[in-house]
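**Student:** return atomic coordinates for the entry below.
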Amino acid sequence: QVQLVESGGGLVQPGGSLRLSCAASGSIISINTMAWYRQAPGKQRELVARITNGGSTNYVDSVKGRFTISRDNAKNTVYLQMNSLKLEDTAVYYCKLELIELKSGLHLSRNYWGQGTQVTVSS
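**Tutor:** Residues are numbered from 1 along each chain as shown. Okay, here's the model as predicted:
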């Protein structure tokens, strides 16, 4: 079994910064793509940023130049550095990991989601 633990959310004023972390543990063989999604009240969940195991990154247009996704493969952890936060960045942020896990002697491709962490940008 694989567990994901998110941390780093909170309340911040417009223009402020936060750093989210998502650490995975368990019977992990390898992690392919790591990503951050967010869901604001009344809206659909959207992809914010993703990073491949080769280090290639993609961002939704609304966060380009403000957010940076990174990963530490040795720690099975993905980060999201969020700078110049805006009111519209308020949402619950979820990490998603596409990984290969060892289960019952088999290598299984699975997607895991974090529990979500609240980010509130307010003055």
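
**Student:** and K96, how far is that from V60?
**Tutor:** Using C-beta to C-beta, to the nearest Å, K96 is found at 14 Å from V60. Bear in mind the C-beta positions are built from the backbone N, C-alpha and C, glycine included.

**Student:** just K103 next, same as before
**Tutor:** Taking C-beta to C-beta, one finds K103 at 33 Å from V60.

**Student:** cool, and L87?
**Tutor:** Taken as C-beta to C-beta, the span from L87 to V60 is 16 Å.

**Student:** which residues are in contact with the residue nearest to S25 when sequence neighbours are not counted?
**Tutor:** The spatially closest residue to S25, leaving aside those adjacent along the chain, is Q3, at 5.3 Å (C-beta to C-beta, 6 or more residues apart in numbering). Q3 sits next to A24, S25, G26 when contact means C-beta atoms under 8 Å, 6 or more residues apart in numbering.

**Student:** just checking: what are the partner strands of the helix or strand encompassing Q3?
**Tutor:** Here Q3, judged by DSSP states H and E, is contained in strand 2-7. Partners of strand 2-7 in the sheet, by DSSP bridges, are strand 18-26 (antiparallel).

**Student:** alpha carbons of the strand it pairs with, as CSV, please.
**Tutor:** Extracted in CSV, the C-alpha atoms of strand 18-26 (Å, rounded to 0.1, in the frame of the first residue of the first chain):
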residue,chain,number,x,y,z
LEU,A,18,3.4,29.1,0.2
ARG,A,19,5.2,25.9,-0.4
LEU,A,20,3.2,22.7,-0.7
SER,A,21,4.7,19.2,-0.2
CYS,A,22,3.5,15.8,-1.0
ALA,A,23,5.4,12.8,0.3
ALA,A,24,4.8,9.3,-0.8
SER,A,25,5.7,6.2,1.2
GLY,A,26,5.1,2.4,0.9
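
**Student:** start the count at 329, not 1, going forward
**Tutor:** Let's use 329 as the start, then, which means that last one is strand 346-354.

**Student:** pLDDT value on the residue lying farthest from the centre of the chain, please?
**Tutor:** Largest separation from the mean C-alpha position in the chain: G433, at 28.5 Å (C-alpha atoms, centre = their mean). pLDDT recorded at G433 is 92.
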